[in-house]
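Colleague: next input, structure requested:
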Amino acid sequence: MTTPMPAKSRSIKSSIKASPPGAQRPLQEEVQAALSWLEQNSTLQDRENLARFGITANKAFGVSVANIQVLGKLLGRSHELAAALWDTGWYEARMLTSFVDEPARVTPEQMDRWCRDFDNWGICDTLCFHLFDRTPHAWAKVAQWSGESDEFVKRAAFALLASLAGHDKRATDEPFLESLPLIERAATDERNFVKKGVSWALRRVGRRNAALNAAAVTVARRLADSPQAAARWVGKDAFKELTSPAVLQRLSAR
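Modeller: Now for the predicted structure:
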């Protein structure tokens, strides 16, 4: 017995029609169809949620991430479409690129250009978590962006590192150990979105395996004793999680 397609999915299907084999709709037509769907499926609650979660965006419809993901699956992967969606400047269209772009075709220059456009933590974290960490340039960007001064570019370095810690199953411990000095150096940054990104990265690295947990806990202890308020916050936040019975039990069971 098949499960009936939800009404919202049917409406997406009707507005984002699949092209026939061997043919494609004009790119701008595809962009306009996506924008029209986003506008039609915006809600007051989702617009209010942007403000509630501290997400500022100059152009936003108000569409949930879950619905953006559904739309992304129906559109399919297209590097050209992702670039055109980004250029619209709409928050949700830019979020959509995370699920539409082709990671293997993303270039370092594109990553830098898009990263400079980040103006809130939502777009920063979503791009890092669903797209940038799947590109072959991810590790190089962690090192590069960690030294930048812009708040969201710097946050992107550590959001990307946190994403790699969770998603890059083939990486050895070495690049994560090499990232710990970057974390320690950035932990003194008082800016809210930077220090939260640094804490996230340290916690995710320390949850990867027992060896990295020990290394991350050492850094967390050192930060917790720092004379710098931001570093102390990062250290205590990470130490509490990484030494919790639940985390230690999970790591010992691996």
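Colleague: how about the contacts made by residue 104?
Modeller: 135-136 (Cβ atoms under 8 Å, 6 or more residues apart in numbering). Yep, even glycine has a C-beta here, placed from its N, CA and C like the rest.
Colleague: same deal with the one 4 residues further on?
Modeller: Under the criterion of Cβ under 8 Å, 6+ apart, the contact partners of residue 108 comprise 137, 140-141.
Colleague: can you pull the buried residues of stretch 34-43?
Modeller: 34-35, 37-38, 41-42 (16 or more other Cβ atoms under 10 Å).
Colleague: list the contacts of whichever strand or helix holds residue 33.
Modeller: Assessed by DSSP states H and E, residue 33 sits inside helix 27-40. By Cβ under 8 Å, 6+ apart, the surrounding residues in contact with helix 27-40 are 11-12, 15-16, 25, 61, 63, 68, 71, 75, 78, 80-81, 84-85, 88, 90, 92-93, 96.
Colleague: among those, which ones are buried?
Modeller: 12, 16, 25, 61, 63, 68, 71, 75, 78, 81, 84-85, 88, 90, 92-93, 96.
Colleague: pretty sure residue 132 is touching residue 163, no?
Modeller: Yes - the pair residue 132 / residue 163 is scored as a contact, 7.4 Å apart, by Cβ atoms under 8 Å.
Colleague: out of these two, which sits in the busier spot?
Modeller: residue 132 (27 against 24; other Cβ atoms under 10 Å).
Colleague: quick one: low-confidence parts of the chain?
Modeller: Residue ranges of the chain with pLDDT under 70: 1-24.
Colleague: next helix or strand past the helix holding residue 33?
Modeller: Next along the chain from helix 27-40, counting by DSSP H and E, comes helix 44-52.
Colleague: tell me which residues in that next one are buried?
Modeller: 46, 50.
Colleague: show me what that helix is packed up against.
Modeller: Using 3 or more Cβ pairs under 8 Å, 6 or more residues apart in numbering; DSSP states H and E as the contact test, no helix or strand touches helix 44-52.
Colleague: what angle do whichever helix or strand comes after that helix and helix 27-40 make?
Modeller: With elements assigned by DSSP H and E, the helix or strand that comes after helix 44-52 is helix 65-75. Computed by axes from the mean of the first three to the mean of the last three Cα atoms, to 10 degrees, the angle separating helix 65-75 from helix 27-40 equals 150 degrees.
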